[in-house]
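Participant: please find the sequence and the predicted model below.
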Amino acid sequence: MILKFNKQDHVEIRLPILNKKHLEHLSKLQDLCDQNKGCFSLEVNNEYIYIIFEEKYVQEKTVRSFVEYRILSIDLNPNYIGLSICDWSGEGSKQIVYKEIVDLSKLTALKQDKAYKKHKRDYETSEVNRHIIDIAKHYKCEVVAFEKLDIKAQDHSRGRKFNRLVNNCWNRAKLIQNLTKRCVIARIKYQGVLAMYSSFIGQMTNEAEYDSVAASLELSRRAYLFNKAIKEKAKPRGIVYPTFDVNALPTRWKERAKEEGIKSWKKLYLSLKKSKSRYRFLFDLDIFKGISFSLKSCKSLVLVHRFA
């Protein structure tokens, strides 16, 4: 919370850890204020911060129902978001319920004045999250899972264009912040998942899927195991890496793994990287078989590619 007494004097105040009810109310209040549908008053002294508002605006009377172990997971990339919904209720067996790709390539390539660009990206990011939450509600998902990313602005040694895309054009922090807020409002659990090797393992275990969707399926598996362990009051161990089975690998990599005596996901990844072998099935709109449409309106720069 930032208190602005005048143009020069600003004070930043960090709120303490809030309980579930207070967090839900403040998230709902923030969303209403963003839409100019709510307001509040503020009082501050040396000991307390008083946020005063009418509680009737933030209370939800309905109880949300969900399907246990139905998880919506998203793989975050600057140009594409891979989204999938999986049911894991059959003793860990995966059943894909829904999948789509949210195309941000036009948004990240936007070339306008700085103020317009920021406003447009923030607005479109908010609409993407609204879309994700609507899908989670429709399919009665228990958890929304996303990868934990800590990417700092730096030289990624992949060229100027890549650095600009990741450091300047990717609205990642805003997306996660807004998504978690909407999850709280919708009373949907959210889960950050360790991202290490998720794209690689996802592609190896889901060869026929586009790389972003395959990665989201791997994140879904990890989120399922973590939540299952929590419910069973067990320590969440062995979640990041699935069992490495050479015979379950795609045919073209199976022989290499046997010849080189590879017995782990990390060693297989390093082997393919060293040989510069291409293993990803990248999204290509020209060969995509499904439905594509603009998000919300024809003026939107975000496209949704929904699988048939």
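Facilitator: Yep, it's here.

Participant: state the distance from Phe281 to Phe288.
Facilitator: 12 Å (Cβ to Cβ, to the nearest Å). From N, CA and C alone the C-beta is placed, and that goes for glycine too.

Participant: go on, Ala136?
Facilitator: 23 Å.

Participant: neighbour count winner among those two?
Facilitator: Ala136 (24 against 14; other Cβ atoms under 10 Å).

Participant: list the residues that contact that one.
Facilitator: 72, 85, 144, 186, 188 (Cβ atoms under 8 Å, 6 or more residues apart in numbering).

Participant: and those, which two are furthest apart?
Facilitator: The most widely separated members of those, counting by Cβ to Cβ, are Ile85 and Ala186 (15.1 Å).

Participant: when those two are compared, which one has more neighbours?
Facilitator: Remark: of Ile85 and Ala186, Ile85 carries more neighbours, 24 against 19, as counted by other Cβ under 10 Å.

Participant: packing partners for the helix or strand where that one lies?
Facilitator: Assessed by DSSP states H and E, Ile85 sits inside strand 80-90. In terms of contacts (3 or more Cβ pairs under 8 Å, 6 or more residues apart in numbering; DSSP states H and E), strand 80-90 is packed against strand 67-76, strand 93-103, helix 114-138, helix 211-231.

Participant: one more pass at 10 Å, please.
Facilitator: strand 67-76, strand 93-103, helix 114-138, strand 141-148, helix 198-205, helix 211-231, strand 303-307 (3 or more Cβ pairs under 10 Å, 6 or more residues apart in numbering; DSSP states H and E).

Participant: identify whichever of the ones you listed lies nearest to Ser264.
Facilitator: Here helix 198-205 is closest among these (Cβ to Cβ), at 11.0 Å.

Participant: leaving out sequence neighbours, find the closest residue to the residue nearest in space to the middle of the chain.
Facilitator: Geometric centre of the chain, nearest residue: Phe146, 3.7 Å, by Cα atoms, centre = their mean. With sequence-adjacent residues excluded and distances taken as Cβ to Cβ, 6 or more residues apart in numbering, Phe146 is closest to Ile74, at 5.1 Å.

Participant: how about low-confidence regions in the stretch 201-308 of the chain?
Facilitator: Within the stretch 201-308 of the chain, no range satisfies pLDDT under 70.

Participant: residues touching the closest residue to Leu303 other than its chain neighbours, list them.
Facilitator: Of all residues not flanking Leu303 in the chain, Asp103 sits nearest, at 3.9 Å (Cβ to Cβ, 6+ apart). Contact analysis of Asp103 by Cβ atoms under 10 Å, 6 or more residues apart in numbering lists 79-81, 283, 285, 292, 294-295, 301-305.

Participant: for the residues you listed, which one is nearest Gly192?
Facilitator: Using Cβ to Cβ, these come closest to Gly192 at Ile81, 15.5 Å.

Participant: any idea how far the residue found closest to the closest one once you drop the neighbours it is linked to in the chain is from Asn79?
Facilitator: Excluding the flanking residues, the one nearest Ile81 by Cβ to Cβ, 6+ apart is Val102, at 4.0 Å. Distance from Val102 to Asn79, counting by Cβ to Cβ: 10 Å.

Participant: please apply the same query to Ile239.
Facilitator: 28 Å.

Participant: same deal with Ser271?
Facilitator: 27 Å.

Participant: okay, buried residues for stretch 105-118 please.
Facilitator: The neighbour-count check on stretch 105-118 (16 or more other Cβ atoms under 10 Å) flags 105, 107-108 as buried.

Participant: also stretch 19-37?
Facilitator: Buried, per 16+ other Cβ under 10 Å, within stretch 19-37: 23-32.

Participant: do the same with stretch 186-204
Facilitator: 186, 188, 190-191, 193, 195, 197-204.

Participant: gap between that stretch and the chain center?
Facilitator: 8 Å (Cα atoms, centre = their mean, to the nearest Å).

Participant: alpha carbons only: can I get it in CSV?
Facilitator: Only the C-alpha atoms of stretch 186-204 are listed here, as CSV (Å, rounded to 0.1, in the frame of the first residue of the first chain):
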residue,chain,number,x,y,z
ALA,A,186,-13.3,-16.8,-7.2
ARG,A,187,-12.4,-19.0,-4.2
ILE,A,188,-10.2,-21.2,-6.4
LYS,A,189,-7.0,-22.6,-4.9
TYR,A,190,-3.8,-21.6,-6.7
GLN,A,191,-0.5,-23.3,-6.7
GLY,A,192,3.0,-22.2,-7.8
VAL,A,193,4.9,-25.2,-9.2
LEU,A,194,8.7,-25.6,-9.6
ALA,A,195,9.4,-25.2,-13.3
MET,A,196,12.8,-27.0,-13.7
TYR,A,197,12.8,-29.1,-16.9
SER,A,198,9.0,-28.9,-17.1
SER,A,199,9.1,-28.0,-20.9
PHE,A,200,11.6,-30.8,-21.6
ILE,A,201,9.9,-33.5,-19.6
GLY,A,202,6.5,-32.4,-20.7
GLN,A,203,7.5,-32.8,-24.4
MET,A,204,9.2,-36.2,-23.8
